[in-house]
Structures are given as structure tokens and as C-alpha cells.
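Trainee: Sequence and predicted structure, then a few things I'm wondering about:
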Amino acid sequence: MKAKYCRYVLQFKQPAGTSRGVLHEKETFFIRLEDEEAPGVYGIGECAVFRGLSCDDVPHYEEKLQELCRNISNERDTDLSEFPSLTFGLETAIYDFVNGGRRMPFPGDFTEGLQEVPINGLVWMGTKEEMLRRIDDKIKAGFTTIKLKVGAIDVESELELLKHIRKVFTPEVLTIRLDANGGFTPANAMERLEAFARYGVHSIEQPLKQGQWEEMARLCASSPIDIALDEELIGLRGSRVGEMLDAVKPKYIILKPSLIGGFSGAQEWMQQAAMRGIGGWITSALESNIGLNAIAQWTAQLGAELPQGLGTGALFTNNIGCPLEQTGETLRYNPAKNWALPEFDWKE
């Protein structure tokens, strides 16, 4: 088996605002696996490191990827326990290769166009006017669940946004999820949660920055809005998974395979959460269409019923053309469409 990799920089169509700042581009890497005895058949995976968020955002990241490729080519193992995004990319490339190198790491009804994955409509942060327009666009597109990023503009403006929605759409008609990205503090979180709760909010992701287990546990126990943990999962593995879930007791967890150790890491989290009666859903993390495609296929196999937090691939000007399509509030795979892979600059 021969392994190669390349770096790729995704360009946002418009700046993407979060409570951690504004994003203009997103660096990612691809890994390619090929059997020299079967030329033309190769698997591709995305090593979707998220700078500033991934626990494997380290200066020697590319060197570790080079080491992984060399070891694969020389039939040696590589310790990826500290590199969840490399695990995600490698697992995807392996599944893709095993299934014929057709960009179908998890073939099934979804890839045959017979199954759709329900998704929420994500509204990025911006000015009040920008967010109002984006909310209206999502609703007109057919979404019945929308997720709002909060924490970047003043709270009163965010509450006015929710009031605007609820004037027209009741909780029975439109589900609202919030994502604070750790933007609240232990001192102001409960006050904000109580204010948001007046507008029938389904859940809120990561109100506090990760690592504050005691404060987060208190919020989970008394919040009028169900809390979902997101960044809290990053960097935890082994016994720490159950330890955190027992300490915090969230209602939901958000599974991002590229940030928590690939599909194997996500499976571990799901198993531990299920043992404790904790629900959740799958979310992408600004991957290109190569990573998004793998996550969507894997999610479809799980038979997800709740709307998932999967992107639609429409954020970037230079994304990779693929068969994924958004239809209303669902993501589907159109087998009649072909991939449009560019000429990547592969390195060994």
C-alpha cells in the first residue's frame, strides 16, 4: 500500500463569524491510499484539522502526516492517539479504498439515492440585519429546524431575532437550536439561558468554554434549555469519556468525527452516551465535500431521525464537486452526479 498527502486551503464565500472570531479560509489535508498492484483504484480521506479548535492543532501536524504516509508505505504502525483528524482521514481513506475507490466509504441506500438525511439550517453570526436575512432564507428553503450561532452580537439583538422568528413560527412549527461555542461565562450563563428560554428553544450547544465541568454540571442540572456538549468532547478518550459524562450529565452530545477520533472515536462516544441515556446528533466541522461526504454516508447508516448538523458544502468557493445535494431540509446523494476532483499536488 502506498500513501500520499496534500494540503488544501478552502476559501469562504463570505466571512463566517463565530464567538471565537471570523473565518476567511480553512486549511485541510487529504490522504490518498493506493495499491500499486491495482492502479487507478485509490481511497481518499480528509485530515480535517481545525486550527484553533482541534486538539491536534500542533506545529508539527504536517510532519506527523508525513510520518503516517511513510509508515503506511513501509507497512509500519503509527500512533495517532493524539491526532483525531488524522484518524478521521485515514479511516475514511481505508473505507473508500476497500469499497472500490468510488468515494463511497459507506455504500448503502443513501449512496443509491434511496435515503435522505434530515439536517438543520445553520445561521452564521453577523449583524442583526444579516442574521435576520439568513434566518428568512433558511425558512424559505424549507428548514423546520434552524441553528443560530449566538455570542458575537449583543444579547438584546439576539433576543430580538428569536422574537422575530416566534412572531410567525411557533415551536411546534419551527425548532430553534442555539450554539454558543463557549461564549458565556459562569456568571452570566443562567441569566442568558433564562432569557433565551422564553422563546421555546430546543437546545443550546456548549454555553461555557470546555473544561469547566463543575460549572457546566450545575448548568445542565438547572438550565431551562437542554444543554448539548460540543467542544467539551475534544481531546477526551478512554476512561475520560465516561468520567466527563458522569460528571456533567448533559442532555445531548454533539459528535464531530474529525475532532473526536474519526468514526471509531464517535462510536465510542455514542456507546458511552447510550449507557447513560444521553442523546445527540452528528455534526460536520467545516470539512470539504470529501470529509462531509464520508460523514453523511456514515450518519445515514445510523438511521438518524433527529435533524443532524451536517453542512451542505456551499460555504466555500473552491469546494470539490460531488454528488451531495441539499433538498429542502435534507441532504441526499445523487448517484447520477460525478465527482470533480482537482489535480491535487500529492506528496509522499
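Mentor: Now that the structure is in, tell me what you want to look at.
Trainee: a helix runs through residue 190, doesn't it?
Mentor: Yes - inclusion of residue 190 in a helix is indicated when DSSP: H, G, I helix; E, B strand; the rest coil is applied.
Trainee: Give me the secondary structure label for residue 286.
Mentor: Residue 286 carries the three-state label coil when classified by three-state DSSP.
Trainee: show me the contacts for it.
Mentor: Residues near residue 286 by C-beta atoms under 8 Å, 6 or more residues apart in numbering: 10, 16, 23, 26, 48, 50, 311, 315. The way it works is simple: take the backbone N, C-alpha and C, and place the C-beta from them, glycine included.
Trainee: hang on, isn't the last one packed against residue 16?
Mentor: Yes - with contact defined as C-beta atoms under 8 Å, residue 315 counts as touching residue 16 (6.7 Å).
Trainee: Can you tell me the SS state at residue 87?
Mentor: Reducing the assignment to helix, strand or coil with three-state DSSP, the entry for residue 87 is helix.
Trainee: Not counting its neighbours along the chain, what's nearest it?
Mentor: Excluding its sequence neighbours, the residue lying closest to residue 87 (C-beta to C-beta, 6 or more residues apart in numbering) is residue 262, at 4.0 Å.
Trainee: Distance-wise, check that neighbour relative to residue 84.
Mentor: Noted for residue 262: a distance of 7 Å to residue 84, by C-beta to C-beta, to the nearest Å.
Trainee: higher neighbour count, those two?
Mentor: Neighbours were counted for residue 262 and for residue 84 using other C-beta atoms under 10 Å; residue 84 has more, 29 against 24.
Trainee: any chance you could read off phi and psi for the residue nearest to residue 87?
Mentor: With angles defined as degrees, to the nearest 10, residue 262 sits at phi 70, psi -160.
Trainee: Show me the two of the contacts of residue 286 that sit farthest apart.
Mentor: When these are compared pair by pair using C-beta to C-beta, the farthest-apart members prove to be 16 and 48, with a separation of 15.2 Å.
Trainee: neighbour-wise, which of the two wins?
Mentor: Under the criterion of other C-beta under 10 Å, the comparison of residue 16 against residue 48 puts residue 48 first, with 32 against 20.
Trainee: these two touch, right, that one and residue 86?
Mentor: No - in this structure, residue 48 sits apart from residue 86 without contact. The criterion is C-beta under 8 Å, and the distance is 9.6 Å.
Trainee: Helices of the stretch 1-150 of the chain, start to end?
Mentor: Shown for the stretch 1-150 of the chain, the helices assigned by DSSP state H, counting those that start in this stretch span residues 61-73, 84-98, 128-140.
Trainee: Which one of those helices lies nearest to residue 242?
Mentor: helix 84-98 (17.8 Å).
Trainee: tell me what the closest one is packed against?
Mentor: In terms of contact count using 3 or more C-beta pairs under 8 Å, 6 or more residues apart in numbering; DSSP states H and E, helix 84-98 is assigned the packing partners strand 21-34, strand 42-47, helix 61-73, helix 262-275, helix 289-301.
Trainee: Of all these, which one is nearest residue 346?
Mentor: Residue 346 lies closest, by C-beta to C-beta, to one member of those: strand 21-34, at 6.1 Å.
Trainee: partners of that closest one in the sheet?
Mentor: Each strand paired with strand 21-34, and its direction, by DSSP bridges: strand 2-18 (antiparallel), strand 42-47 (antiparallel).
Trainee: Also compute the angle for it relative to helix 84-98, please.
Mentor: Strand 21-34 runs at 40 degrees relative to helix 84-98, counting by axes from the mean of the first three to the mean of the last three C-alpha atoms, to 10 degrees.
Trainee: Now strand 21-34: buried residues?
Mentor: 23, 26, 28, 29, 30, 31, 32, 33, 34 (16 or more other C-beta atoms under 10 Å).
Trainee: Contacts only, for residue 143.
Mentor: Taking C-beta under 8 Å, 6+ apart, we find residue 143 in contact with 119, 120, 121, 328, 329.
Trainee: rerun that using 6 Å as the cut-off
Mentor: Counting by C-beta atoms under 6 Å, 6 or more residues apart in numbering, residue 143 touches 121, 329.
Trainee: now it: how far from residue 122?
Mentor: 9 Å.
Trainee: what's the residue nearest the centre of the chain in contact with, if anything?
Mentor: The residue at the geometric middle of the chain, judged as the C-alpha nearest the mean C-alpha position with C-alpha atoms, centre = their mean, is residue 284 (2.0 Å). With contacts defined as C-beta under 6 Å, 6+ apart, the neighbours of residue 284 are 292, 295, 310, 311.
Trainee: No more questions from me, cheers.
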